[in-house]
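Asker: what shape does this take:
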Amino acid sequence: MRNLRIGIRLFILITSLLLMLLVIGLTGYVGLIQTGGTLGKVEQAMKNQAVSANLARVIEVELTGLVNNTNLGVISWERATTDLADLKTDHEEAWQSFFNVVSADDKEKLQEPKQALDGVLVELESLFAARDRNRLNLFVANELSDLIEPIRVNILDPRAEQADQETRALLERSQAASRNFQIIMLVVGLAGILIATGLGIVIYNSITEPVEKIANTVRHVTAGDFSARTAL
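Answerer: Residues are numbered from 1 along each chain as shown. Below is the predicted model:
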């Protein structure tokens, strides 16, 4: 190091510092990319969970609520007919959204229960048009729960549980990745500080020691010791 000119020594020091900053920046960039990818997966899992919950709401809350309210005479037949038309739209949109987040094989398997629910809506439309509360009461007592319960037990509940587990697992992985990233950044930062400090000390000493020797020789010569020499 002492055989190099001062300008080259300073260049080495500055270049080393820039490399350390580059390494820290790249580490941070990679960490941000990984975090962004994990957050994207978490967002998708939460979206899938919301889609499943929305379909369950349409079937278990809106459909059964409409049928029970109509059967009990809480709402009029005209109101029931209007609400049923809106429900059919919500039902179709909910199923389409659900199909968009499942695999092609699952989509094919789900066609049968969807068609069964489509048949329920058609039957309800007929019952509402006939305004026959006795037939509606028989339909609710004997058929409706038998059609809805298997869909809830075999499709909606397992799908909601699966989406919840996926979301929890992704969140745990995201938290673990965040902790690992913080540790890596800390280690890289400390290593960069130590290396830069050590290199700075070496270069500083390589510059100041010869200067101090020259200054010491000058003091000896000034004092009258013309035999003094500087060993560099």
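Asker: which residues touch the spatially most central residue of the chain?
Answerer: The structure's the chain has its C-alpha centroid closest to L39; by Cα atoms, centre = their mean the separation is 1.5 Å. If you count contacts by Cβ atoms under 8 Å, 6 or more residues apart in numbering, L39 has them with S174. In short, each C-beta sits where N, CA and C put it, glycine included.
Asker: name the helix or strand for it, please.
Answerer: For L39, the element it lies in under DSSP states H and E is helix 6-56.
Asker: low-scoring stretches of the protein, by residue?
Answerer: 1-7, 9, 35-36, 225-226, 228-232 (pLDDT under 70).
Asker: the helices in it, which residues?
Answerer: Ranges of helices in the chain, per DSSP state H, are 6-56, 64-71, 77-100, 104-130, 133-139, 145-151, 157-222.
Asker: mind saving the C-alpha coords of the second one as PDB?
Answerer: The C-alpha coordinates for helix 64-71 follow below in PDB (Å, rounded to 0.1, in the frame of the first residue of the first chain):
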ATOM      1  CA  THR A  64     -82.100 -18.800   2.400                       C
ATOM      2  CA  GLY A  65     -83.000 -15.400   3.800                       C
ATOM      3  CA  LEU A  66     -85.200 -14.600   0.800                       C
ATOM      4  CA  VAL A  67     -86.900 -18.000   0.900                       C
ATOM      5  CA  ASN A  68     -87.600 -17.900   4.600                       C
ATOM      6  CA  ASN A  69     -88.800 -14.300   4.600                       C
ATOM      7  CA  THR A  70     -91.200 -15.100   1.700                       C
ATOM      8  CA  ASN A  71     -92.300 -18.400   3.300                       C
END
